[in-house]
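Enquirer: What would the 3D arrangement of this be:
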Amino acid sequence: QVQLVESGGGLVQAGGSLRLSCAASEMNTKINVMGWYRQVPGKQRELVARITSAGSTNYADSVKGRFTISRDNGKNTVNLQMNSLKPEDTAVYYCNAEGYFRSNIRDFRSWGQGTQVTVSS
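Expert: Below you'll find the predicted structure:
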């Protein structure tokens with residue numbers, strides 16, 4: 001499997017900003033899609049933003065205009081810039097990557113360990 005290492009979570013006041021980063025450990029891969037999901041206790045994990053290798057992006061309606069996802073295909077990294085944060089953005093944020101191994105064309109879908117984002121009012 002491909003390991004994803006996240007960083008950048010923390011505590012911030014409403015209106016503030018945070019930047020999340022995620023790096024894939026395995027370089028011999030073709031990662032088609034990278035994204036960020038979030039989950040609060042008692043609710044399903046939901047998509048926040050995703051980006052393809054071609055740079056096409058999708059955002060949850062709740063974060064459009066405030067969050068920006070970007071990636072570096074050469075480094076297999078993805079970032080999420082979060083601005084104008086709201087208390088309702090509080091959640092555990094998970095990095096996700098989908099693609100295949102170049103050596104055997106086997107598909108994979110990997111998740112990071114999660115990073116806590118807390119926005120105080």
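Enquirer: What residues sit buried inside the helix or strand hosting Arg50?
Expert: Per DSSP states H and E, Arg50 falls inside strand 46-52. Buried residues in strand 46-52, defined by neighbour count with 16 or more other CB atoms under 10 Å: Val48, Ala49, Arg50, Ile51, Thr52. Heads up, the C-betas are built off the backbone N, CA and C, glycines and all.
Enquirer: which two in the residues you listed are spaced the farthest apart?
Expert: The two members of the buried residues of strand 46-52 with the most space between them (CB to CB) are Val48 and Thr52, at 15.4 Å.
Enquirer: What distance do you get for Gly10 to Thr118?
Expert: 7 Å (CB to CB, to the nearest Å).
Enquirer: can you tell me which residues contact Val40?
Expert: Counting by CB atoms under 8 Å, 6 or more residues apart in numbering, Val40 makes contact with Thr90, Ala91, Val92.
Enquirer: and which of those is nearest Thr77?
Expert: So of the contacts of Val40, ranked by how close each gets to Thr77 (CB to CB), first place is Val92, at 19.9 Å.
Enquirer: The closest one looks like it's in a helix, true?
Expert: No: Val92: not assigned to a helix; according to DSSP: H, G, I helix; E, B strand; the rest coil it is strand.
Enquirer: before we move on, back to that, just send the buried residues of strand 46-52 back as TSV, with distance to Gln39 and pLDDT too.
Expert: Converted to TSV, the buried residues of strand 46-52 look like this (distance: CB to CB, whole Å; pLDDT from 0 to 100):
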residue	distance to Gln39	pLDDT
Val48	10	98
Ala49	15	98
Arg50	15	98
Ile51	20	98
Thr52	23	97
